[in-house]
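**Q** Pasting the sequence and the predicted coordinates here, then a few questions.
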Amino acid sequence: MADEIHKFNRGDAAEGILGAALVAKFANRPKSLKDKSAPITVEMIDHVLDEFFKVNRMIEFKVKDIVAVKSTYATDIIEFSIALPEAAAMLLSKKQSRSVVKDLYDSAILYVEKTWTDDVIKFALNGQIDTVRILSDGVGDQKGTKADIKVTINGKPYTRQISLKVAGGEQFAQVSGDEFEKQQKIWEEILKLDISKLKNAYLTEIRDYDKKEVFSSRENARLNEFKDMVKSAAAIVYKEAAKQMQAKINSKDSIFFSNLTKLVFEGATKGDASIELVKLEGSKFKQLQFNKDFIKVYTEQLKKSNLKAKFRETGDPLVQLYAGSESKSNLLLQIRVKVEAASSNSKDGKVYRPYMRNYVEAGPLMFALLN
């Protein structure tokens, strides 16, 4: 159990727990119109997980609608499956191990009760035979969709899909690679800033950087020199980007605010408005939903938020956007550089090379801006 607790990823475990919580809500619907609450419990979630891990394949629960149509009660089928990395699946498969993620149970129950009850009641009242399939998918199509928990109704994707985060998992978009063109993708293609003039300065910082060179240890001094070169190059761009962002904020540039909203929308959903961004944190939850008016409404709110763009002068390159004072609760989002010593296998064994990612991470205000 100790090894499982040490190795598992909380985000992966959360996907299994929240999927099971949704199944529990659909499968334990009210028995009558007089009792619409029928709250789910930890025991109900555990039952769903226990049933799945007995067979390790798709399971189903059958439940009748609340009202009869022509004296007949339709019976719905609630299906559930989990596809998670091994460490998280191992943890959830053992009931005694799940106590280490009790806070995720609490968060999942709160989220499901507050935001999914109406959906459950809708299908419990329609008098039709429905098949509700819920898939907690942590190993599926990571590039094609942002959905971690996929919901289909009668074989068709439901209007609500879930991209799930937990505390410490603020990243919702990224651009990987140390080429200057990757900096252009973030700052020019997405936010429409002008950083082209910095290309020579960027390349000068990495003139001694050899992308083909690999190292046998993460502690190699030259490897760490390479990492520092890449960070220094990125810092030139990040500092200028923050300056330009602040200038556009000061001039109340409507296009910039709209592009900032599009960064949130595209980064969180890949353009799929059925995706909702959910974060389970501290036995509570945060939720950001997207609809046809999101771009317009969110942009207007950003314009009124007294935004400030700040570049961090020390440490890894970082640009933060605050609304008003620079407090944690006022952080809208941040874009930061992470350069790690990524490993790969070669004929001589494991080798390492620098690998840069530009992370776009949500702050508390990104969820709360419209509330």
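**A** Received, thanks. Just so you know, these numbers come straight off a predicted model, no measurement behind them.

**Q** C-alpha only now, for contacts and for neighbours.
**A** Will do.

**Q** can you list the domains in this protein?
**A** Here the domain parsing of the chain from automatic domain parsing is 2-166, 171-268+305-368.

**Q** which one of the ones you listed lies closest to residue 298?
**A** Evaluated over the domains of the chain, closeness to residue 298 peaks at domain 171-268+305-368, with 6.5 Å, by CA to CA.

**Q** How far away from the center of its chain is that closest one?
**A** Centroid separation for domain 171-268+305-368 versus its chain: 18 Å, with CA atoms, centre = their mean, to the nearest Å.

**Q** Sheet partners, orientation included, of the helix or strand encompassing residue 76?
**A** Element membership for residue 76, per DSSP states H and E: strand 75-83. Using DSSP bridges, strand 75-83 pairs in its sheet with strand 59-64 (antiparallel), strand 131-137 (parallel).

**Q** who's residue 339 bridged to?
**A** The partner residues for residue 339, given DSSP bridges, come to residue 356.

**Q** Please state the mean pLDDT value computed over the strand holding residue 76.
**A** Regarding strand 75-83, the rounded mean pLDDT is 97.

**Q** Go ahead and name everything in contact with that strand.
**A** 16, 19-20, 23, 26-27, 52, 57-65, 89, 128-140 (CA atoms under 8 Å, 6 or more residues apart in numbering).

**Q** Could you double-check that residue 175 lies in contact with residue 357?
**A** Yes: taking CA atoms under 8 Å as the definition, residue 175 is a contact partner of residue 357 at 5.9 Å.

**Q** Please look at residue 68 and residue 127 and confirm they touch.
**A** Yes: Residue 68 lies in contact with residue 127 (CA under 8 Å); the separation is 6.4 Å.

**Q** show me where pLDDT drops low in the chain?
**A** Along the chain, segments meeting pLDDT under 70 span 1-6, 36-37, 141-143.

**Q** And the strands in it?
**A** 59-64, 75-83, 131-137, 149-153, 156-157, 161-166, 171-176, 275-281, 284-288, 307-311, 318-323, 331-346, 349-362 (DSSP state E).

**Q** need those strands in JSON lines with mean neighbour count, can you?
**A** Below are the strands of the chain laid out as JSON lines (neighbours: other CA atoms under 10 Å):
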{"stretch": "strand 59-64", "mean neighbour count": "19"}
{"stretch": "strand 75-83", "mean neighbour count": "21"}
{"stretch": "strand 131-137", "mean neighbour count": "23"}
{"stretch": "strand 149-153", "mean neighbour count": "19"}
{"stretch": "strand 156-157", "mean neighbour count": "12"}
{"stretch": "strand 161-166", "mean neighbour count": "23"}
{"stretch": "strand 171-176", "mean neighbour count": "17"}
{"stretch": "strand 275-281", "mean neighbour count": "23"}
{"stretch": "strand 284-288", "mean neighbour count": "18"}
{"stretch": "strand 307-311", "mean neighbour count": "20"}
{"stretch": "strand 318-323", "mean neighbour count": "22"}
{"stretch": "strand 331-346", "mean neighbour count": "18"}
{"stretch": "strand 349-362", "mean neighbour count": "19"}
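
**Q** quick one: which of those is nearest residue 104?
**A** Using CA to CA, these put strand 275-281 closest to residue 104, at 6.5 Å.

**Q** List of residues touching that closest one?
**A** 14, 103-104, 107-108, 146-147, 160-167, 268-269, 285-290.

**Q** can you give me the angle it makes with strand 171-176?
**A** 110 degrees (axes from the mean of the first three to the mean of the last three CA atoms, to 10 degrees).

**Q** From residue 261, how far out is the nearest residue to residue 263 once chain neighbours are set aside?
**A** Nearest residue to residue 263, sequence neighbours excluded (CA to CA, 6 or more residues apart in numbering): residue 190, at 6.5 Å. Computed as CA to CA, to the nearest Å, the residue 190 to residue 261 distance reads 10 Å.

**Q** Comparing the two, which shows the higher neighbour count?
**A** Just comparing residue 190 and residue 261: by other CA atoms under 10 Å the higher neighbour count belongs to residue 261, 23 against 15.

**Q** correct me, but the more buried one touches residue 299?
**A** Yes: using CA under 8 Å, residue 261 makes contact with residue 299 at a distance of 5.8 Å.

**Q** which residues of the stretch 51-200 of the chain fall in helices?
**A** Along the stretch 51-200 of the chain, counting by DSSP state H, counting those that start in this stretch, helices occupy 86-93, 102-125, 180-184, 199-205.

**Q** Any chance of CSV for those, columns mean neighbour count?
**A** Below are the helices of the stretch 51-200 of the chain laid out as CSV (neighbours: other CA under 10 Å):
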stretch, mean neighbour count
helix 86-93, 20
helix 102-125, 19
helix 180-184, 18
helix 199-205, 15
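
**Q** Out of those, flag the one nearest residue 251.
**A** Of all the helices of the stretch 51-200 of the chain, helix 180-184 comes closest under CA to CA, at 22.6 Å.

**Q** before we move on, back to that, got a markdown table for the domains of the chain, with distance to residue 294 too?
**A** As requested, the domains of the chain are exported to a markdown table (distance: least, CA to CA, whole Å):
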| stretch | distance to residue 294 |
| --- | --- |
| domain 2-166 | 15 |
| domain 171-268+305-368 | 8 |
